[in-house]
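Asks: any chance you can model this:
(2 chains)
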Amino acid sequence: MKEVIVMNEEIELFFGPQHPGAPGNVGFKLKLKGERVLDVELIPGFLHRGFEKMMENRWWEVNVVLSSRYCVEDPDNMELGYVLAVDDLYGVEVPEKANHVRTVVAEMSRIQSHLFWIMFMGAGLGARYIPSWAMAAREEILKWYDYLTGHRIYHHYMVPGGIRWNVPQDFNERTLHTLNTVSKIVRDIEEAFITNKIVRERTEGVGVVKGSIAVELGVSGPTLRAAGIPYDIRKADPYASYGKVSFEVPVGSRGDSYDRIKIRVKEIYESIKIIEQLLPKINYEDKAYRLQLPTIPPNGEGLGRVEAARGEHLVHVVNLRSRYPYRVRIRPPSMPLLTTVLKYIVSNEEVTIADFPVIVKSLDPCAPDIDR
Amino acid sequence: MSTEEDLLTMLRDRLPKDKVREVNITKWLNKFEIITDPENIRYVILALKGLGFNHLVAIETIDWLKKEPTFELIYYLASIERNGAMVLVRTKIPRDNPVIDSIHDILPFAYYQELENYEFFGITFRGHKGLKLWILEDNWDGPPPLRKDFDSVKYALEHYYKGLRYERGDSNE
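Replies: Sure thing, here's the model as predicted:
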């Protein structure tokens, strides 16, 4: 019989991008001692396409098509960020109807992003039935997008100055029908997955980020709210129609992976609430849904700040009187999750190699938006 | 609007005149603009952190080649206890010697934002220990690609298409 060698020296282990526990197109360099993860270093760049440079070579309105493509899971909030920045550059107020529809589309995107994440989380924890339920619910939303915009994944429904085309007459009923189906499945998922004892034992107390340190790590979104800080840009700096609806911001107390799971599921219900409030406000007779803007915007700067599904998404555009942007700065939400937050967790608690995928998945990073 | 005025007077009072050039209200609601010299950047960020602006959102570089030979750096700092108010700290550094102090020990997320600005604009952050190609690692040997004097089409033709260019023939002939 061979002797078992206990590893006592530090080793380096590459984790991802092909690993099933990796969150997408990123790798990690882990420093291990035995099973314990001592340090983690992110290796991005597998999906770098240079969006900021590409946008400088395309027209303002054409860039909408690029603006959603750096995050597959949450495309409409990314689009909304760019569109808000360009609206701000033009200095226009878009029609009320366009604002309402933009908000509905963005909230649908948040729901489908959270469902996509439930799929990841379920697969990561070995609950094999959860992914298919979550994807069934997401499929309903993709069908709804297909009905409204003609596309399933990237919609390009928002344009500077409004929305691309008017909503159909049966928009209200169709949306409510989709939401009913989705909320039924989400309730099932909640009963089978969120209250599940095995899930709780696996995630409680794992990956704690708590209190004001989370703010300095640069993180926002559900991870910050799970840390106990009720910060939501939809409330703090309302854009589109968020100032006209009432909704709650779910806040966690322990800041562990389980809190993050709970908060995302609660956010799905809040998003449904927002959409249900906005649907009666959409006036179907109203023909004003898009402003005709000049092709060349005025000189200056525009800023768009959006609460995307993963946190703050900031877009800053600069124009020097041209059909092309002079500079577009995109700050998508995932970069702090996989850099500062992961480093903080690994240095503050005993993370084993088995916990590592659970922690990474509970943070819900969208790997392509780190590379852009 | 009174809270906005209050915040402005607070920022003007608490930041010393010799370190900060201007403190302005921007056209955006609840967002302020601080213009400072690059040598005071650490002082200003530290002072703002003490005032509650401790959430670094992003660091942005703008290459103003078409107007003047400078890089403008913008630090976006938000304050969560002040309900998401935001300060944009702007500073300009010369284009031929782009060096500025690093702030990554004040706000940890700055480490990665500075890394990004280093590889895409070639800005050196003094005191930053890990400046290297990060997103572009093993993939890039050209100049910093987001600079305005970098011609991406020319570079791609030389490096990826062996100098050959696809010429579209006139289909009518």
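Asks: show me what from the stretch 201-350 of chain A comes close to chain B.
Replies: Residues of the stretch 201-350 of chain A that fall close to chain B, judged by Cβ under 8 Å from any Cβ of the partner chain: A:212, A:215-218, A:220, A:229, A:231, A:233, A:236-237, A:303, A:305, A:312, A:314, A:316, A:318, A:320, A:326-327, A:329, A:331, A:335-336, A:339-340, A:344. Any C-beta I mention is one placed from the backbone N, CA and C, and that applies to glycine too.
Asks: nearest residue to the middle of the chain?
Replies: If you meant another chain, say so; for now it's chain A. residue A:309 (3.0 Å; Cα atoms, centre = their mean).
Asks: actually it's chain B I care about, not the one you picked
Replies: residue B:60 (2.5 Å).
Asks: now that residue, which residues is it bridged with?
Replies: residue B:74 (DSSP bridges).
Asks: report the contact partners of it.
Replies: A:316, A:329, A:331, B:73, B:74, B:76, B:117 (Cβ atoms under 8 Å, 6 or more residues apart in numbering or on different chains).
Asks: against chain B, how distant is residue A:69?
Replies: 17 Å (Cβ to the nearest Cβ, to the nearest Å).
Asks: and the closest residue to that residue other than its chain neighbours, how far from chain B?
Replies: Spatial nearest neighbour of residue A:69, excluding adjacent residues (Cβ to Cβ, 6 or more residues apart in numbering or on different chains): residue A:154 at 6.2 Å. As defined by Cβ to the nearest Cβ, residue A:154 lies at a distance of 22 Å from chain B.
Asks: helix, strand, or coil at residue A:154?
Replies: Here residue A:154 takes the coil state, with states given by DSSP: H, G, I helix; E, B strand; the rest coil.
Asks: how many neighbours does it have?
Replies: By the criterion of other Cβ atoms under 10 Å in any protein chain shown, residue A:154 has 19 neighbours.
Asks: give me the pLDDT for it.
Replies: With respect to pLDDT, residue A:154 has a value of 89.
Asks: that one contacts residue A:68, doesn't it?
Replies: Yes - counting by Cβ atoms under 8 Å, residue A:68 is a contact partner of residue A:154 at 4.9 Å.
Asks: which residues are common contacts for these two?
Replies: residue A:75.
Asks: what's next to the lowest-mean-pLDDT helix or strand in chain B, contact-wise?
Replies: When the helices and strands of chain B are scored by mean pLDDT, DSSP states H and E, helix B:2-14 comes last with a mean of 77. Helix B:2-14 is contacted by residues B:23, B:25, B:29, B:30, B:32, B:34, B:47, B:51, B:82, B:85, B:87 when judged by Cβ under 8 Å, 6+ apart.
Asks: now the residues you listed: which count as buried?
Replies: B:23, B:25, B:30, B:32, B:34, B:47, B:51, B:82, B:85, B:87 (16 or more other Cβ atoms under 10 Å in any protein chain shown).
Asks: so where's the chain shaky on pLDDT?
Replies: I'll assume chain A. A:1-7 (pLDDT under 70).
Asks: um, chain B though
Replies: Looking along chain B with the criterion set at pLDDT under 70, you get B:1-2, B:163, B:165-173.
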